[in-house]
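**Student:** Using only what follows, build the 3D model:
(4 chains)
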2 protein chains.
Amino acid sequence: MLAFITRTFVLKRRAPCYVCQSGITEQSILAKAKRILKWQRDPEGMRLRILEAAKQEFASYGLAGARVDRIAAAAGANKRMLYYHVGNKEDLYLEVLEGAYEKIRAEERTLDLEHLDPPDAIARLVDFTWNYFLRNPEFLALLNTENLAKAKHLKRSTKVKSMHSPFVEMIRTVVTRGVESGDFRAAVDPVQLYISIAALAFFYLSNSATLSVIFGRDLLKKDARDERLEHMIALVLAALTGKSTAVFVRAKMPALMSVEHQVV
Amino acid sequence: MLAFITRTFVLKRRAPCYVCQSGITEQSILAKAKRILKWQRDPEGMRLRILEAAKQEFASYGLAGARVDRIAAAAGANKRMLYYHVGNKEDLYLEVLEGAYEKIRAEERTLDLEHLDPPDAIARLVDFTWNYFLRNPEFLALLNTENLAKAKHLKRSTKVKSMHSPFVEMIRTVVTRGVESGDFRAAVDPVQLYISIAALAFFYLSNSATLSVIFGRDLLKKDARDERLEHMIALVLAALTGKSTAVFVRAKMPALMSVEHQVV
DNA sequence: AAGGAAATTAACCCGTTGGATAAATACTGT
DNA sequence: ACAGTATTTATCCAACGGGTTAATTTCCTT
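**Tutor:** Numbers count the residues shown, from 1 in each chain, chains lettered A, B, ... in the order given. Okay, here's the model as predicted:
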């Protein structure tokens, strides 16, 4: 059945056929097929499929490398639909980027670190950040793409600028609580601290391809990932509390409790 | 004089003129002009100019966004020369990438951390890494580009794979010395440690554009850069030695001695 | 049931871009 | 001085890729 649809599809197009090249998913074929037999409208769904497809495409190839035709094909849509529903390539890209920021900040808000012991709160933040990056590799790629463009699009965005300060404040309160309770040796700039936490996870994952080649070991296999998480938590907590933990004391330790599956 | 040469040049070309668009430097114009009056061969020089121009181009726009014409123009060369001297776009890119790795590993070799106190050695390594990234922003961009391609090109490269293990060993000896001398509390995996050090610097600089927008402060101004270097050194040393330093004790401290101008 | 608006499709347009060709010019050894 | 080779130039082109135009189909309202 699927084969039949695909064939009908492909044959229907002129050469050279963009669809054949890539970007087509079983999902999108079925979605499109359903709408072809007796096609029905679905503006919201279409819009969502386009944005999702665009996210994958931009994350895989960057802004310049992304192909509008592939996005359309992967969304089970016609190229014209992109322009109808969203706008040109850059508008589409910006919308994807804004969505990505919204998503991570939204999940962070559910962490509520306020009710945890300061060291636990920090450990949880590191753990969350790590697993979020691991679960959403496109996010990393999108940020890199935007930085290559020197944040040109982000600067234009009105949505994005306001949504980050609450998060910084959340960290700031954790730090001051930690200092007051004596858990932390001294106050750190929360922005500086968050950048460091993000850095430790981001760089490792975003650059895992080249690092794996250079150092001759697979940095993404299960063991390596677990080890990295331990290392990061130990590094940050040791610096904050002055007490030695985990990796800095012994070579291995059992896996930490992870929020990987707790946060949706 | 320069104006005259430029004009002559531009007029000589057909429309649309690639040269006008961008990528042309005073240097390249003069280099080319000299060779035009009575042009002379300079294969090595040409090759170098092409590679340098390509590095800037790939760093600015990524692999897909880079334009062969702009590279040629910036090198004061004809587009045909790229193919004659190097090969196609991807070959050119790989050569640039290999050159970038060679350069940083070569500078790292001059650090000779062996003769320093372990904590000083680590501080110096952080300081060097930070300033190298600061001085060579193209390096960061190239790595990001290569990671977007999942290290496809690097894997093909024979040169690059061998050149990194000496560096890891250098770090390993520093760590073991530190543990033996009692300066460090426990042994750390040198690869893990290096990735963390690189991460702290790399992420901050590579993502400075988006981070500056998000947090509403210019992360690249002098004060911010100094503060970041202090923070990184303090973070790493505190974790290794267990003693509090710098940022974790007081809000500000005078700038550390920097190797910025020592290493060529 | 019918008219109009919203959504979707097919087909085309045209500047760009990586790459190719062949001719011209400078250098090298003999 | 001359033949042969290395380097450089001018010109061209086929494929690509973002974007557009116009026609077609479904849905909503009355």
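**Student:** okay, CA-based contacts and neighbour counts for the rest of this
**Tutor:** Noted.
**Student:** Just to check, A:Phe133 is in contact with A:Leu140?
**Tutor:** Yes: using CA atoms under 8 Å, A:Phe133 is in contact with A:Leu140, at 6.9 Å.
**Student:** which residues are common contacts for these two?
**Tutor:** Counting by CA atoms under 8 Å, 6 or more residues apart in numbering or on different chains, the contacts common to A:Phe133 and A:Leu140 are A:Phe202.
**Student:** What segments of the stretch 151-264 of chain A are helices?
**Tutor:** With DSSP state H, counting those that start in this stretch as the criterion, the stretch 151-264 of chain A has helices at A:152-156, A:159-162, A:165-181, A:190-206, A:208-215, A:222-241.
**Student:** domains for chain A, by residue range?
**Tutor:** A:2-87, A:112-248 (automatic domain parsing).
**Student:** By mean pLDDT, show me the worst of these.
**Tutor:** If these are sorted by mean pLDDT, domain A:2-87 sits at the bottom with a mean of 71.
**Student:** For A:Met81, the count of nearby residues, please.
**Tutor:** 16 (other CA atoms under 10 Å in any protein chain shown).
**Student:** which ones are touching A:Ala199?
**Tutor:** B:199-200, B:202-204.
**Student:** which one among those gets closest to A:Val96?
**Tutor:** B:Phe203 (21.6 Å; CA to CA).
**Student:** quick one, what contacts the closest one?
**Tutor:** Here B:Phe203 is in contact with A:195, A:199, A:202-203 (CA under 8 Å, 6+ apart).
**Student:** Now render the residues you listed as CSV, adding distance to B:Gly178.
**Tutor:** Listed next are those as CSV, based on distance: CA to CA, whole Å:
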residue, distance to B:Gly178
A:Ile195, 28
A:Ala199, 25
A:Phe202, 28
A:Phe203, 26
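**Student:** Please identify which pair of those lies farthest apart.
**Tutor:** A:Ile195 and A:Phe203 (11.3 Å).
**Student:** Mind checking what helix or strand follows the helix or strand harbouring A:Tyr83 in sequence?
**Tutor:** Using DSSP states H and E, A:Tyr83 sits within helix A:79-85. Beyond helix A:79-85 on the C-terminal side, the first helix or strand identified by DSSP H and E is helix A:89-109.
**Student:** Buried residues of the helix or strand following that following helix, list them for me.
**Tutor:** Per DSSP H and E, the first helix or strand lying C-terminal to helix A:89-109 is helix A:118-135. Judged by neighbour count using 16 or more other CA atoms under 10 Å in any protein chain shown, the buried positions of helix A:118-135 are A:118-119, A:121-134.
**Student:** okay, the helix or strand that comes right after helix A:118-135 in CSV with CA atoms only?
**Tutor:** From helix A:118-135 onward toward the C-terminus, using DSSP H and E, the following helix or strand is helix A:137-148. Below are the C-alpha coordinates for helix A:137-148, written out as CSV (Å, rounded to 0.1, in the frame of the first residue of the first chain):
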residue,chain,number,x,y,z
PRO,A,137,19.9,17.8,19.6
GLU,A,138,18.2,20.1,17.1
PHE,A,139,18.2,22.8,19.8
LEU,A,140,22.0,22.8,19.9
ALA,A,141,22.3,22.9,16.1
LEU,A,142,19.8,25.8,15.9
LEU,A,143,21.7,27.8,18.4
ASN,A,144,25.0,27.3,16.5
THR,A,145,23.3,28.3,13.3
GLU,A,146,22.0,31.5,14.9
ASN,A,147,25.4,32.3,16.3
LEU,A,148,27.0,31.9,12.9
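**Student:** Any part of helix A:137-148 near chain B?
**Tutor:** Yes: with CA under 8 Å from any CA of the partner chain as the measure, helix A:137-148 is seen reaching chain B through A:141, A:143-144, A:146-148.
**Student:** Kindly supply the PyMOL command isolating those of the residues you listed that are buried.
**Tutor:** To isolate the buried members of these in PyMOL, using 16+ other CA under 10 Å:
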select buried, chain A and resi 141+143+144+146+147+148
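**Student:** Near DNA strand D, which residues of the stretch 1-150 of chain A? Just list them.
**Tutor:** A:16, A:38-41, A:64-69, A:79-80, A:83, A:88-90 (CA under 7 Å from any atom of the strand).
**Student:** Indicate the residue of the stretch 151-264 of chain A located nearest to DNA strand C.
**Tutor:** A:Lys152 (18.3 Å; CA to the nearest atom of the strand).
**Student:** For B:Leu116, see how far away the closest residue to that residue other than its chain neighbours is.
**Tutor:** Spatial nearest neighbour of A:Lys152, excluding adjacent residues (CA to CA, 6 or more residues apart in numbering or on different chains): A:Glu146 at 7.4 Å. From A:Glu146 over to B:Leu116 the distance is 40 Å, taken as CA to CA, to the nearest Å.
**Student:** returning to what we had before: tell me which of the domains of chain A is the most buried.
**Tutor:** domain A:112-248 (a mean of 19; mean count of other CA atoms under 10 Å in any protein chain shown).
**Student:** returning to that earlier point: what's in contact with the helix holding A:Tyr83?
**Tutor:** A:47, A:50, A:68-69, A:71-73, A:88, A:92.
**Student:** One more pass at 6 Å, please.
**Tutor:** A:Ala72 (CA atoms under 6 Å, 6 or more residues apart in numbering or on different chains).
**Student:** where does the residue nearest to A:Thr176 when sequence neighbours are not counted fall, phi/psi-wise?
**Tutor:** In space, and not counting its chain neighbours, A:Thr176 is closest to A:Ala187: 6.6 Å by CA to CA, 6+ apart. Dihedral angles phi and psi of A:Ala187 (degrees, to the nearest 10) take the values phi -70, psi 140.
**Student:** which residue ends up closest to the midpoint of chain A in space?
**Tutor:** Computing the C-alpha centroid of chain A and ranking residues by CA atoms, centre = their mean puts A:Phe139 first, at 2.6 Å.
**Student:** Distance of that one relative to DNA strand D?
**Tutor:** Distance, A:Phe139 to DNA strand D, using CA to the nearest atom of the strand, to the nearest Å: 20 Å.
**Student:** can you check A:Val126 too?
**Tutor:** In terms of CA to the nearest atom of the strand, A:Val126 sits 37 Å off from DNA strand D.
**Student:** Now do that residue against A:Leu113, distance only.
**Tutor:** 12 Å.
**Student:** do A:Asp69 as well
**Tutor:** 44 Å.
**Student:** what does A:Ala100 give?
**Tutor:** From A:Ala100 to A:Leu113 the distance is 22 Å (CA to CA).
**Student:** Would you tell me which helix is longest in chain A?
**Tutor:** helix A:43-65 (DSSP state H).
**Student:** can you list the residues of chain A near chain B?
**Tutor:** A:64-65, A:147, A:150-151, A:161, A:186, A:196, A:199-200, A:203, A:207, A:209-210, A:214, A:235, A:238-239, A:242, A:248-249 (CA under 6 Å from any CA of the partner chain).
**Student:** For A:Tyr101, which non-adjacent residue is closest in space?
**Tutor:** A:Tyr101's closest residue in space is A:Val160 (CA to CA, 6+ apart), at 7.3 Å.
**Student:** and the longest helix of chain A with helix A:137-148, angle?
**Tutor:** Per axes from the mean of the first three to the mean of the last three CA atoms, to 10 degrees, the angle that helix A:43-65 makes with helix A:137-148 is 50 degrees.
**Student:** Which elements pack onto the next helix or strand after helix A:43-65?
**Tutor:** Once helix A:43-65 ends, the next helix or strand along the chain (criterion: DSSP H and E) is helix A:68-74. With contacts taken as 3 or more CA pairs under 6 Å, 6 or more residues apart in numbering or on different chains; DSSP states H and E, helix A:68-74 sits against helix A:43-65.
**Student:** Do the helix it packs on and DNA strand C come into contact?
**Tutor:** Yes: residues of helix A:43-65 are located near DNA strand C by CA under 7 Å from any atom of the strand, namely A:43, A:46.
**Student:** List the contacts of that helix.
**Tutor:** A:66, A:71, A:74-75, A:96, A:138, A:141-142, A:145, B:64-65.
**Student:** What is the most widely separated pair among those?
**Tutor:** Pairwise across those, and taking CA to CA, the largest span is found between A:Ala75 and B:Gly65, at 24.0 Å.
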